[in-house]
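Colleague: Mind folding the following:
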Amino acid sequence: MTKAIDYLAKCVHITCQNATQNRCNVEVLGFSKTFHVDIPAKEDPSKNTVLFSKDGNITLIGLNKDNDGNTIDAETAIKICDAFIKFESDDASPVAVLYGVGESFCTGFDILDLASDERSEISMDILMLPEGSVGPTRRMLTKPVVCAITGYCVASGMELALSCDQRVMETTAKMGFFNRRFGVPIIDGGTARLPAIIGISRALDLILTGRILEATEAYEIGVANKVVPVGDALKEAVNLAQFLSKFPQEALKHDRKSMQESSFEAIGFESAIQNEIMSITKEIVDEMQDGAKWFYRNFKINNTGTWMPAEMTMADWDNKVVVKEAAKVKNFKDVEHIPVIKQVIGPHKNDIEKNAVCTSEKEDGNDKDKNNK
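Modeller: You can find the predicted model right below:
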């Protein structure tokens, strides 16, 4: 047998003809065949997108993407999963802290990783990732995790935070399912966890509207467990983790697991997650593709703008306020053709023109009084 193996080893020759295209040529006894093989790219050690460290017996996992919002692509999601597996296998570390490096915790999955001008279709691989598109969001972690929330914690980034046991939120931090405006569905456990945390009525409000959830409201409805001053989220999250680590861990883990199971007793957590993923239809995928492509055209090609919502100067849902503010425009006819203005205040055109006339007459009267004086 040994002689046969030695003979074959001399007869087999493997050479890489084109490393950039992952092609290798295998020659056996004079016959050659070219195969496509997966050659893993060498990782740049200077660009560590997921930080893993220890503070005593507390594990620290940091999102360190080189962008403003800590968006997560597929490669980074796998690294986050690996970090949590490493934490769960460490018997000396009972609690972990998840945080974001930079101004924001996480703004979700990188939509630009899905769409580009070179592809007519976007990849649906994120739906099939066993752990989740932004980390281990599609399973229950075996040990407690505290999340430190800074800046924006939105879209699937909010789902990642919801997968943690406790959330420490800075006063200026904001949460919300901003993916609603791009037609991207919730696919990382949000539809299963959020109703269990705050009830279905409030969960429907946040999920259907995609509105901003400020820190004060997040604390009042139970999404945030603690609100701290700006700059203190990570410190307070570590303090909370250290507090939890001082208790006997077997009883703590038992009670934690029992609560999780009872929260999803009706259909089971796994069934809820499967329902969330398997209910994705072709129509939803089409909308998701359109939203991703729109995002690419507006913020990849021309990156001078931002998709973060600006502070509103007036309540656009209050018709009375809309009419009152629109009436202040003296030359209303010069702007009424603009689509967004036409859509918002078009139905109230008559009221606006009446108010504008009244305002104009009032101003003329004031001018006359000033002249008489």
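Colleague: Sketch out the helices for the chain, chain order is fine.
Modeller: Counting by DSSP state H, the chain has helices at residues 2-11, 74-88, 125-128, 156-162, 190-198, 200-209, 215-221, 233-245, 249-263, 269-278, 282-296, 319-327, 339-345, 349-372.
Colleague: Number of residues surrounding Lys293?
Modeller: 20 (other CB atoms under 10 Å). Using the backbone N, CA and C atoms, a C-beta is placed for each residue, glycine as well.
Colleague: swap that for Ile200, sorry
Modeller: Other residues close to Ile200 by other CB under 10 Å number 11.
Colleague: pLDDT weak spots in this structure?
Modeller: Filtered on pLDDT under 70, the chain yields the residue ranges 1-46, 68, 114-128, 265-269, 272, 275-279, 299-373.
Colleague: What residue spans form the domains of it?
Modeller: For the chain, automatic domain parsing gives the domain ranges 2-36, 50-284, 319-372.
Colleague: pretty sure Asp90 is touching Ile58, no?
Modeller: No: at 10.8 Å, Asp90 does not count as touching Ile58 under the criterion of CB atoms under 8 Å.
Colleague: of the two, who's got more company?
Modeller: Ile58 (22 against 14).
Colleague: isn't the more buried one right next to Val95, touching?
Modeller: Yes: counting by CB under 8 Å, Ile58 touches Val95, with 5.8 Å between them.
Colleague: which residues do these two both contact?
Modeller: Taking CB atoms under 8 Å, 6 or more residues apart in numbering as the criterion, Ile58 and Val95 both touch 241-242, 245.
Colleague: I'd like those residues laid out as a markdown table, including distance to Glu270 and neighbour count.
Modeller: Below are these laid out as a markdown table (distance: CB to CB, whole Å; neighbours: other CB atoms under 10 Å):
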| residue | distance to Glu270 | neighbour count |
| --- | --- | --- |
| Ala241 | 27 | 27 |
| Gln242 | 32 | 17 |
| Ser245 | 28 | 17 |
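Colleague: Let me know the closest of these to Gly102.
Modeller: Distances from Gly102 to these, taken as CB to CB, are shortest for Ala241 (20.9 Å).
Colleague: thought that closest one was touching Val146?
Modeller: Yes: in this structure, Ala241 is within contact of Val146 by CB under 8 Å, at 4.8 Å.
Colleague: Now the common contact residues for these two.
Modeller: Common neighbours of Ala241 and Val146 (CB under 8 Å, 6+ apart) are 95-97.
Colleague: can you list those residues in JSON lines and add distance to Leu208?
Modeller: Putting these into JSON lines (distance: CB to CB, whole Å) gives the following:
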{"residue": "Val95", "distance to Leu208": "34"}
{"residue": "Ala96", "distance to Leu208": "32"}
{"residue": "Val97", "distance to Leu208": "31"}
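Colleague: Can you tell me which of the residues you listed is closest to Lys282?
Modeller: Nearest member of those to Lys282, counting by CB to CB, is Ala96, at 38.3 Å.
Colleague: Tell me how far the nearest residue to the closest one once chain neighbours are set aside lies from Leu129.
Modeller: In space, and not counting its chain neighbours, Ala96 is closest to Thr59: 4.1 Å by CB to CB, 6 or more residues apart in numbering. Distance, Thr59 to Leu129, by CB to CB, to the nearest Å: 22 Å.
Colleague: try Cys153
Modeller: Where Leu129 is concerned, Cys153 sits at a distance of 20 Å (CB to CB).
Colleague: what's the answer for Ile72, then?
Modeller: 11 Å.
Colleague: the more surrounded of those two?
Modeller: Each of Ile72 and Leu129 has its neighbours counted (other CB under 10 Å); Ile72 has more, 29 against 19.
Colleague: For the more buried one, give me its contacts.
Modeller: 63, 65, 80, 106, 108-110, 133-135, 156-157 are the contacts of Ile72 under CB under 8 Å, 6+ apart.
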